[in-house]
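In: I need the structure of the sequence given here:
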Amino acid sequence: MGSSRLHGKVALVTGGGQGIGAGVARALADDGASVAIAGRTLSKCEAVAAEINAAGGNATAMVCEVSSRDQVQAVVGRTLELFGGLDIVVNNAQSAVQRPLIEITDGDVELCYGSGALATLYAMQAAYPHLVARGGGSIVNFGSSTAIEGNATFGAYAMAKEAIRGLSRVAASEWGRTDIRVNVVVPNAMSPGAEAFRDAHPDRFERQLARIPLRRMGDPHDDIGRAVAALVSDDFSYMSGQTLMLTGGA
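Out: Model (predicted):
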């Protein structure tokens, strides 16, 4: 386990069963937070929770389709029942589709928007009164460098990710008076998708690495998770409405 700077805090992490979400959940637990891990595949979330608990942390797994407002509200309610409050929300879950812009369908946009921007809104709205009841809290939402850079074939995904950044800035403005901080993290890490790309296209993967000044992909726990744990702690108590680029200098 790491520091105790999040001792007594309760966190909800969506998409926490693998990749970046799992790395964030572990890092929050390392710093003393109790963590509710929510995702579509319960077995994956249970595996992460079991690892945290075996290491002396406190975590539980929940199944949740984040594009459903009712399921998101239920997960927030269950977190309150189990842990007695809520201080930290990390909206990591997001479905993606790649397609040339001219071929994007309504379904593509709905998939990305529903699992991303709307899901983030649902979790923020569901958590808001409980964060206020605890005297404030911290929300971390996830953007994407594919949207900031305008990478080809990511049109629908980019729409959702930039919507999340806009939503986060508005929330930071409206909710700051209640001591709720809202920030965005843009990560570059070895997610399952990145691993699949590496295995399928090793040459293209190496070319991508060469364009990263630090010459490596981020580690979901060490590089992304620990940064998120710091961001939600009092160490960053004056930071809100910002986008933190965790992209190795890219």
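In: From Ser145, how far out is the spatially closest residue to Ala172 that is not a sequence neighbour?
Out: Ranked by Cβ to Cβ, 6 or more residues apart in numbering and with sequence neighbours excluded, the top spatial neighbour of Ala172 is Gly241, at 3.3 Å. In this view, the C-beta of every residue, glycine as well, is placed from N, C-alpha and C. Remark: distance between Gly241 and Ser145 (Cβ to Cβ, to the nearest Å) = 19 Å.
In: residue contacts, the residue most central in space within the chain?
Out: Taking Cα atoms, centre = their mean, the centroid of the chain lies closest to Asn92, which sits 2.4 Å from it. Asn92 makes contacts with Val13, Thr14, Gly15, Gly16, Ile20, Gly21, Val24, Phe142, as judged by Cβ atoms under 8 Å, 6 or more residues apart in numbering.
In: and what of Ala152?
Out: Contacts for Ala152 (Cβ under 8 Å, 6+ apart) come out as Pro100.
In: try Gly8
Out: Contacts of Gly8 by Cβ under 8 Å, 6+ apart are Gly32.
In: helix or strand for it, which one?
Out: For Gly8, there is no host helix or strand (DSSP states H and E).
In: So what does it look like in phi/psi?
Out: Torsion angles at Gly8 (phi, psi; degrees, to the nearest 10) stand at phi 90, psi -10.
In: Give me the distance between it and Gly2.
Out: 15 Å.
In: residues in contact with the helix-or-strand element of the chain with minimal mean pLDDT?
Out: Among the helices and strands of the chain, helix 192-200 carries the lowest confidence by mean pLDDT, DSSP states H and E, at a mean of 88. Contacts of helix 192-200 with the rest of the structure, by Cβ under 8 Å, 6+ apart, involve Gln18, Gly19, Ala96, Met190, Arg204, Phe205, Met217.
In: could you redo the last one with a cut-off of 7 Å?
Out: Gln18, Gly19, Phe205, Met217 (Cβ atoms under 7 Å, 6 or more residues apart in numbering).
In: next helix or strand past that helix?
Out: helix 202-210.
In: tell me the angle of that following helix relative to helix 192-200?
Out: Put simply, helix 202-210 runs at 120 degrees to helix 192-200, going by axes from the mean of the first three to the mean of the last three Cα atoms, to 10 degrees.
In: Could you give the average pLDDT over the longest helix along the chain?
Out: Looking across the chain with DSSP state H, the single longest helix is helix 155-175. Helix 155-175 shows a mean pLDDT of 98.
In: mind checking how far that helix is from the chain centre?
Out: 13 Å (Cα atoms, centre = their mean, to the nearest Å).
In: for stretch 118-134, same thing?
Out: Worked out by Cα atoms, centre = their mean, stretch 118-134 lies 14 Å from the chain centre.
In: Okay, buried residues for that stretch please.
Out: Using 16 or more other Cβ atoms under 10 Å as the test for burial, stretch 118-134 gives 118-124, 126-128, 130-131, 134.
In: same thing with stretch 73-92?
Out: Those would be 73-76, 78-80, 83, 86-92, for stretch 73-92 by 16+ other Cβ under 10 Å.
In: what's the answer for stretch 99-112, then?
Out: Buried residues in stretch 99-112, counted by 16+ other Cβ under 10 Å: Ile104, Asp108, Val109, Leu111, Cys112.
In: Switch these over to JSON lines; also include secondary structure and distance to Asp179.
Out: Shown next, in JSON lines, are the buried residues of stretch 99-112 (DSSP: H, G, I helix; E, B strand; the rest coil; distance: Cβ to Cβ, whole Å):
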{"residue": "Ile104", "secondary structure": "coil", "distance to Asp179": "40"}
{"residue": "Asp108", "secondary structure": "helix", "distance to Asp179": "38"}
{"residue": "Val109", "secondary structure": "helix", "distance to Asp179": "35"}
{"residue": "Leu111", "secondary structure": "helix", "distance to Asp179": "35"}
{"residue": "Cys112", "secondary structure": "helix", "distance to Asp179": "32"}
